[in-house]
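In: Next input, structure requested:
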Amino acid sequence: MPRHRRSRRLVAWLVGAAVAVAVLVVGGAFVYIHFISGPAPAPLSLKDLKSSPSAGTAASRNGSRSVAGTWRVASGSLVGYRVNEVLAGQDNVAVGRTSDISGTMTIKGSTVTSASFTVAMDTIKSNESERDAQFNGRIMDTAAYPTGKLELTAPINLAPLPPGGDFRDFHATADLTLHGHTRAVTFTLEAEHVGGAIDVSGSIPILFADWDISNPSFSPFVTTQNHGELEFLIKFAS
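Out: Now for the predicted structure:
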């Protein structure tokens, strides 16, 4: 067989092999995202609590609705991240969460005068061990910066209080500490007062460069946007 024909066949074989590998990679990513990993959890929201009315709730609606006092983070609280990524050409949403949260909120009259929350960063987990290893290592360096912290820097006026079981939006200003850097943030939160509990949810946009956080992308197969969201659903008990 002439050499030029053998060369053309070799080139054709190499191109075909490359296409086949690309198809397998993209197809494998599609199968993993849609059939193995499954869809990402929905954003944290008070609507997900789906708590049914109880005798305590009715008492809250009909009786005294004072919220003054010190409130502590209770069981059922969640904090985490949400980042859009492209996995081998397929759009995906990366979500990691933890329930390892501590903190308090102080209310005087109908005004939140102080609030501070701390999260153990290495307890934030996604559905992918490789993603978690990247998060704990080069991205967030949780060994050097083991905690994240949010501290209110301006009071929040709650008046007029919404009826028990109803949601209401409030604006908050706070200092957010991540990766050893503290930045001022403003965000909207949704709150509900039911029975002996206060539930709060919301999200804070995070531009990674503002906290000197490495872009979560790890080539060649996973790329992410340069920003994400810190999302939270906090349950308080008095």
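In: Just checking: what are the partner strands of the helix or strand encompassing residue 80?
Out: Residue 80 belongs to strand 78-87 when assigned by DSSP states H and E. Here strand 78-87 is paired, per DSSP bridges, with strand 90-98 (antiparallel), strand 222-224 (antiparallel), strand 227-237 (antiparallel).
In: Following the worst-scoring helix or strand of the chain on mean pLDDT in sequence, what is the next regular element?
Out: Across the helices and strands of the chain, mean confidence by mean pLDDT, DSSP states H and E is lowest for helix 55-62: a mean of 40. Toward the C-terminus, helix 55-62 is succeeded by strand 69-73 as the next helix or strand (DSSP H and E).
In: so who does residue 69 touch?
Out: 106-107, 238 (Cβ atoms under 8 Å, 6 or more residues apart in numbering). Heads up, the C-betas are built off the backbone N, CA and C, glycines and all.
In: out of those residues, which are inside strands?
Out: Among the contacts of residue 69, the ones falling in strands (DSSP state E) are 106-107.
In: Show me which of the contacts of residue 69 are buried.
Out: residue 107 (16 or more other Cβ atoms under 10 Å).
In: which one of the contacts of residue 69 is nearest residue 203?
Out: Nearest to residue 203 out of the contacts of residue 69 is residue 107 (Cβ to Cβ; 22.5 Å).
In: now the strands: where do they sit in this structure?
Out: 69-73, 78-87, 90-98, 101-108, 111-120, 147-152, 156-157, 168-178, 181-194, 197-207, 222-224, 227-237.
In: Name every strand pairing with the shortest one and say which way it goes.
Out: Partners of strand 156-157 in the sheet, by DSSP bridges, are strand 111-120 (antiparallel).
In: Leaving out sequence neighbours, find the closest residue to residue 40.
Out: Excluding its sequence neighbours, the residue lying closest to residue 40 (Cβ to Cβ, 6 or more residues apart in numbering) is residue 93, at 3.8 Å.
In: before we move on, the earlier item: hey, least reliable of the strands paired with strand 78-87 by pLDDT?
Out: Lowest mean pLDDT of these: strand 222-224, a mean of 83.
In: residue closest to the middle of this structure?
Out: Closest to where the C-alpha atoms of the chain average out (Cα atoms, centre = their mean) is residue 81, at 2.5 Å.
In: you'd agree that one is up against residue 95?
Out: Yes - applying Cβ atoms under 8 Å as the test, residue 81 and residue 95 come out as touching, 7.1 Å apart.
In: quick one: low-confidence ranges for the protein?
Out: The model of the chain has pLDDT under 70 over residues 1-38, 48-65, 88-89, 164-165, 219-220.
In: tell me the domain boundaries of it?
Out: 1-38, 40-237 (automatic domain parsing).
In: Please identify the most buried of those domains.
Out: domain 40-237 (a mean of 16; mean count of other Cβ atoms under 10 Å).
In: quick one: contacts for residue 209?
Out: With Cβ under 8 Å, 6+ apart, residue 209 has these contacts: residue 226.
In: Quick check: the residue nearest to the centre of the chain vs residue 43, distance?
Out: 11 Å (Cβ to Cβ, to the nearest Å).
In: ditto for residue 83
Out: On the measure of Cβ to Cβ, residue 83 and residue 43 end up 12 Å apart.
In: any idea how far residue 122 is from residue 132?
Out: For residue 132, the distance to residue 122 - Cβ to Cβ - is 9 Å.
In: residues bridging contact with these two, i.e. touching both?
Out: With the criterion set as Cβ under 8 Å, 6+ apart, the contacts of residue 132 and residue 122 do not overlap.
In: returning to what we had before: just put the strands paired with strand 78-87 in JSON lines and tack on distance to residue 200.
Out: Shown next, in JSON lines, are these (distance: least, Cβ to Cβ, whole Å):
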{"stretch": "strand 90-98", "distance to residue 200": "16"}
{"stretch": "strand 222-224", "distance to residue 200": "27"}
{"stretch": "strand 227-237", "distance to residue 200": "5"}
